[in-house]
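Participant: from the sequence below, what's the structure:
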Amino acid sequence: MLLNKFKFLLIVLACLVSARGVAQNKKHPNVVLIITDDQGYGDLGITGNSIVKTPVIDRFAKQSIQFSNFHVSPVCAPTRSSLMTGRYSLRTGIRDTYNGGATMASSEITIAEILKHAGYATGLFGKWHLGDNFPSRPMDQGFDETLMHLSGGMGQVGDVSTYFQKDSSYFNPVLWKNGKQESYSGYCSDIFAANAIKFIEKNKDNPFFCYLSFNAPHTPLQVPDKYYQMYKNVDPSVEFDKNNPMYLKMSEKDKEDARKVYGMVSNIDDNIGKLLQKITDLGIEEETIVLFMTDNGPQQLRFTAGLRDKKGSVYNGGTRVPFFLKYPALTKESKVIETMAAHFDILPTLTELCHADLPTDRKIDGKSLLPLIKGKNTDWSDRALFSYWTRKYPELYTSMAIQKSGYKLVGQTNYNASIDDFELYNLKNDVHELNNIVKTNKEIAWKLKNELDIIYHELILSENLIKHPVTTIGSKMENPLILNRNDADGSRGLWDQELIFGKWNVSILKGKYNFKFKFIKPISAGGAMYLETNSIINQMKNDTNTDLIEMKNITLPELNGELIPYYLIKGKMILPFSVEIEKID
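Facilitator: As a prediction, the model looks like this:
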């Protein structure tokens, strides 16, 4: 009798544990957030493109909640900072995609940090673009596992691991796994997706957050031949010409670029298919939130479903992107939501769905989309969305916009322009933004301009914008470290030039250091290498032709400021391509 009672108690206990596990899963659903790079609104079959082949994403969209009026920033790093934090990018310290403006302040709280605190395993696979050094790396901002490339893109100057591969940078790359370089075989999108799938398999029994951030179809446009062959003989301009309100014409280069992009997109589609199938095979589809989006409009001229302009523009072609959310445990209904939503809404939405705590010590600009998904009678008509894009910092009323209540005010003018110099569009009747109605609707224009002014002046005084996020030199968390060109500040437009002024904003810990200065091309003998750190200047003569100069045993005090390296020869200052720094004491 006692044995039977004991067995009964064990069964009851097992049931309670099982029920508790189910409840725990319902409380903390898994999250898979998929974002692609420079894939525009029109680069999917579901959005009207009859040429590109995206059967997986199209089917997923039809099974999901589709937000048809979803907006992001005109370029990638700002979008990604808003996505991660729920805040306007300028609040986070992100003001550019390079020029020293693509490092997010370490004080920002990311989705990964929030979910990790709630018990989630967190992983990033692909593009980060919010800082490549401590304390702004993804592994410093809440991600347990990371596999990534550096800076804004593979093959770019900031990605020191793939830059010199040039036209093959997307194949067999050297990537950064948990902060260490590691060689991989295959195509980058395949690698990132495969490792995301492994992460999901490993964490299937506990809540996880998987951020699959494809760097494709960003330039350089490198695509596996199998996928290029799918589009080799098609004419992308046929679809483009059907819905081209600006009467533009695709050049032969535009057409070839589009073929490559479509091949890259079809490769992504296949990889997403593998990931979704794995979720189904593991039996976790019901309790997994899957989101798909892109980070801005297309970089090249191609089909945009009639939206005006492309990446880098505050018109809809630059900011309006596809966004689909599927969560079967919440609803199996598929529907289209036309209410304007944006990138910074994702963090508050996920925190609510995952029963995690939203930060209360800072302003969150986003709103949870859950009321819209549930069909509640919620009035969002008073909501405004500010957009801008110029290098370095926002330029008042230049490439700047605000939309609210179906109207959009665009500034492509001077800081002291009159209201007549602005553009006003009724987006309900003019989604293509072709009919400027500012002269007959000045009252609406003035109200929007006043609101734009309030938002702009608040954001431009953000603490993280005024006080640059810095890289910490000498920390045990990253030693040695490499400073790259993407995060270099200095002359506007600093990229791969040699004769240009550049610097890095740093916080240096007291100690003794070895420096290695790598140059794009060998420098000539007869000059001197200089290293300036605030008032401390170290210099060393050079008597060889070389692309690498080492300065060893440099003692530096604790300081905050600028690290300025250059090679001086015949009155010319040559900026190194990258700087490797190792603390040796």
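
Participant: export stretch 259-275 as CSV, just CAs?
Facilitator: Taking C-alpha atoms only, stretch 259-275 is exported to CSV below (Å, rounded to 0.1, in the frame of the first residue of the first chain):
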residue,chain,number,x,y,z
ARG,A,259,20.3,39.1,-61.1
LYS,A,260,22.9,38.7,-58.5
VAL,A,261,20.8,40.1,-55.8
TYR,A,262,17.9,37.8,-56.7
GLY,A,263,20.3,34.8,-56.6
MET,A,264,21.4,35.8,-53.1
VAL,A,265,17.8,36.3,-52.0
SER,A,266,16.8,32.8,-53.3
ASN,A,267,19.8,31.4,-51.4
ILE,A,268,18.5,33.1,-48.3
ASP,A,269,15.0,31.7,-49.0
ASP,A,270,16.4,28.1,-49.1
ASN,A,271,18.3,28.6,-45.9
ILE,A,272,15.2,30.0,-44.1
GLY,A,273,13.4,26.9,-45.4
LYS,A,274,15.9,24.7,-43.7
LEU,A,275,15.6,26.6,-40.4
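
Participant: what about that stretch, average pLDDT?
Facilitator: Model confidence over stretch 259-275, given as mean pLDDT, is 98.

Participant: number of nearby residues for residue 239?
Facilitator: 20 (other C-beta atoms under 10 Å). (Each C-beta comes from the backbone N, C-alpha and C, glycine too.)

Participant: quick one: contacts for it?
Facilitator: Contact analysis of residue 239 by C-beta atoms under 8 Å, 6 or more residues apart in numbering lists 49, 50, 51, 303.

Participant: residue 386 contacts residue 454, correct?
Facilitator: No: Residue 386 is beyond contact range of residue 454, at 9.5 Å (criterion: C-beta atoms under 8 Å).

Participant: which neighbouring elements make contact with the lengthiest helix in the chain?
Facilitator: Counting by DSSP state H, the longest helix found in the chain is helix 252-281. Under the contact criterion of 3 or more C-beta pairs under 8 Å, 6 or more residues apart in numbering; DSSP states H and E, helix 252-281 touches strand 30-36, helix 55-62, helix 188-202, helix 225-229, helix 237-242, strand 288-294.

Participant: of the ones you listed, which is nearest residue 164?
Facilitator: helix 188-202 (15.9 Å; C-beta to C-beta).

Participant: more neighbours, residue 386 and residue 454?
Facilitator: Set side by side, residue 386 and residue 454 show more neighbours around residue 386, with 22 against 13, by other C-beta under 10 Å.

Participant: which parts of the protein belong to which domain?
Facilitator: As assigned by automatic domain parsing, the chain contains the domains 12-373, 384-465, 471-583.

Participant: just these: most buried one?
Facilitator: Neighbour counts (mean count of other C-beta atoms under 10 Å) averaged over each of the domains of the chain peak at domain 12-373, with a mean of 21.

Participant: before we move on, the earlier item: mind putting the helices and strands packed on helix 252-281 into TSV with distance to residue 550 and mean pLDDT?
Facilitator: Compiled in TSV, those are given as follows (distance: least, C-beta to C-beta, whole Å; pLDDT from 0 to 100):
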stretch	distance to residue 550	mean pLDDT
strand 30-36	39	98
helix 55-62	49	98
helix 188-202	32	98
helix 225-229	42	98
helix 237-242	52	88
strand 288-294	43	98
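
Participant: now these as a markdown table including distance to residue 215?
Facilitator: Output for these, formatted as a markdown table (distance: least, C-beta to C-beta, whole Å):
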| stretch | distance to residue 215 |
| --- | --- |
| strand 30-36 | 9 |
| helix 55-62 | 17 |
| helix 188-202 | 6 |
| helix 225-229 | 15 |
| helix 237-242 | 25 |
| strand 288-294 | 12 |
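
Participant: so who does residue 90 touch?
Facilitator: Counting by C-beta under 8 Å, 6+ apart, residue 90 has contacts 394, 459, 460, 462, 465.

Participant: low-confidence ranges in this structure?
Facilitator: Along the chain, segments meeting pLDDT under 70 span 1-26.

Participant: so for this protein, the centremost residue is which one?
Facilitator: By C-alpha atoms, centre = their mean, the chain has its centre lying nearest to residue 80, at 3.3 Å.

Participant: for that one, helix, strand, or coil?
Facilitator: Following DSSP: H, G, I helix; E, B strand; the rest coil, the label given to residue 80 is helix.

Participant: again, but for residue 345
Facilitator: Reduced to three states with three-state DSSP, the structure at residue 345 is helix.

Participant: test my guess that it contacts residue 372.
Facilitator: No: using C-beta under 8 Å as the test, residue 345 is too far from residue 372 to be in contact (9.3 Å).

Participant: biggest strand in the chain by residues?
Facilitator: Longest strand in the chain, counting residues (DSSP state E): strand 511-523.

Participant: what is whichever helix or strand comes after that strand packed up against?
Facilitator: The first helix or strand that comes after strand 511-523 along the chain, using DSSP states H and E, is strand 528-533. Under the contact definition 3+ C-beta pairs under 8 Å, 6+ apart, strand 528-533 sits against strand 536-541, strand 546-556, strand 559-569.

Participant: including distance to residue 131, could those go into TSV?
Facilitator: As requested, the helices and strands packed on strand 528-533 are exported to TSV (distance: least, C-beta to C-beta, whole Å):
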stretch	distance to residue 131
strand 536-541	25
strand 546-556	22
strand 559-569	16
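
Participant: which stretch among the ones you listed comes nearest residue 266?
Facilitator: Residue 266 lies closest, by C-beta to C-beta, to one member of these: strand 546-556, at 39.1 Å.
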